[in-house]
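Participant: Turn this into a structure:
(one chain, ligands or ions: 1)
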Amino acid sequence: MYRIKGRSVPSCPDGLYYYCSAEICSKGNRMLVPLAYLDAAVNDAVMVMADQPHLVITVTPGNDHSEEIAQIKKDVTELDVESDTYDSDLARFRVEIARLRELDRTEAKAAKTEVNPDGRTIGEVWESLGTAARRQWLLARNGSGWLPGQDKVRVKVGPRDPELGIWPIDIDLGEFTDSILSLATT
Ligand SMILES: [Zn+2]
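Facilitator: Below is the predicted model:
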């Protein structure tokens with residue numbers, strides 16, 4: 001869904017709505033949901049966990065020496081072939097590259113993922129953010145994985161209930177925030 005400015009009506013005084021994307025929903029099945037209504041529902045869902053610690057994922061890159069090796073290869077191209085130490089310098093660089101290659105073969109190269117509290121509560125973080133930053137924050141959160149393939153936050157809106165006059169909303173805010181994206185918003 002995306003935001004549109006539509007008609008102001010009593011149930012939507014500011015005329016701002018979320019509207020289904022044409023690429024996702026077919027004509028005749030697109031919903032128009034008042035923006036304030038949906039935003040309030042998401043806000044309520046976040047506030048339920050306002051006191052919980054704000055957990056962020058930090059990823060430590062894997063221990064790989066490809067950058068150092070590339071630098072040494074560059075150094076090799078700059079050796080002076082007329083230098084007295086050319087042979088020994090070249091040999092020294094070759095030994096160093098072999099040593100780093102061996103490290104990459106034997107040491108664990110996998111990136112390390114840690115989940116830690118960042119000292120703030122979810123409520124503090126949420127309330128410090130504006131609309132655009134809240135969107136980024138939600139997009140940066142990892143899904144709860146309750147359902148297969150549910151790796152992102154999900155806000156699902158059903159068709160309007162004609163009797164109650166409301167849109168059923170199902171919100172899963174997931175668990176952790178990806179630190180890289182969440183930090184970019186603060
Ligand atoms: Zn839709």
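Participant: Packing partners of the strand ranked longest in the chain?
Facilitator: In the chain, taking DSSP state E as the definition, the longest strand is strand 112-121. Using 3 or more CB pairs under 8 Å, 6 or more residues apart in numbering; DSSP states H and E as the contact test, the elements touching strand 112-121 are strand 53-60. Every residue, glycine included, has its C-beta placed from N, CA and C.
Participant: Show the subsequent helix or strand relative to the strand it packs on.
Facilitator: Once strand 53-60 ends, the next helix or strand along the chain (criterion: DSSP states H and E) is helix 66-77.
Participant: and the helix or strand Ile97 falls within, average pLDDT?
Facilitator: Secondary structure from DSSP H and E places Ile97 in helix 86-106. Regarding helix 86-106, the rounded mean pLDDT is 93.
Participant: the inter-axis angle of that helix versus helix 66-77?
Facilitator: Relative orientation of helix 86-106 with respect to helix 66-77: 170 degrees, computed using axes from the mean of the first three to the mean of the last three CA atoms, to 10 degrees.
Participant: in helix 86-106, what counts as buried?
Facilitator: Within helix 86-106, the residues that qualify as buried are 97, 100, counting by 16 or more other CB atoms under 10 Å.
Participant: okay, which residue is most central for this protein?
Facilitator: Closest residue to the average C-alpha location of the chain: Ala140 at 3.0 Å, with CA atoms, centre = their mean.
Participant: Can you give me the pLDDT of Ile180?
Facilitator: So Ile180 comes in at 40 (pLDDT).
Participant: and Asn116, how far is that from Asn142?
Facilitator: Using CB to CB, to the nearest Å, Asn116 is found at 14 Å from Asn142.
Participant: In terms of packing, which of the two has more residues around it?
Facilitator: Legend: neighbour count by other CB atoms under 10 Å for Asn116 and Asn142, higher for Asn142 (17 against 13).
Participant: element containing the residue of the chain most remote from its centre?
Facilitator: Centroid-distance maximum for the chain: Asp84 at 54.1 Å, with CA atoms, centre = their mean. According to DSSP H and E, Asp84 maps onto no helix or strand at all.
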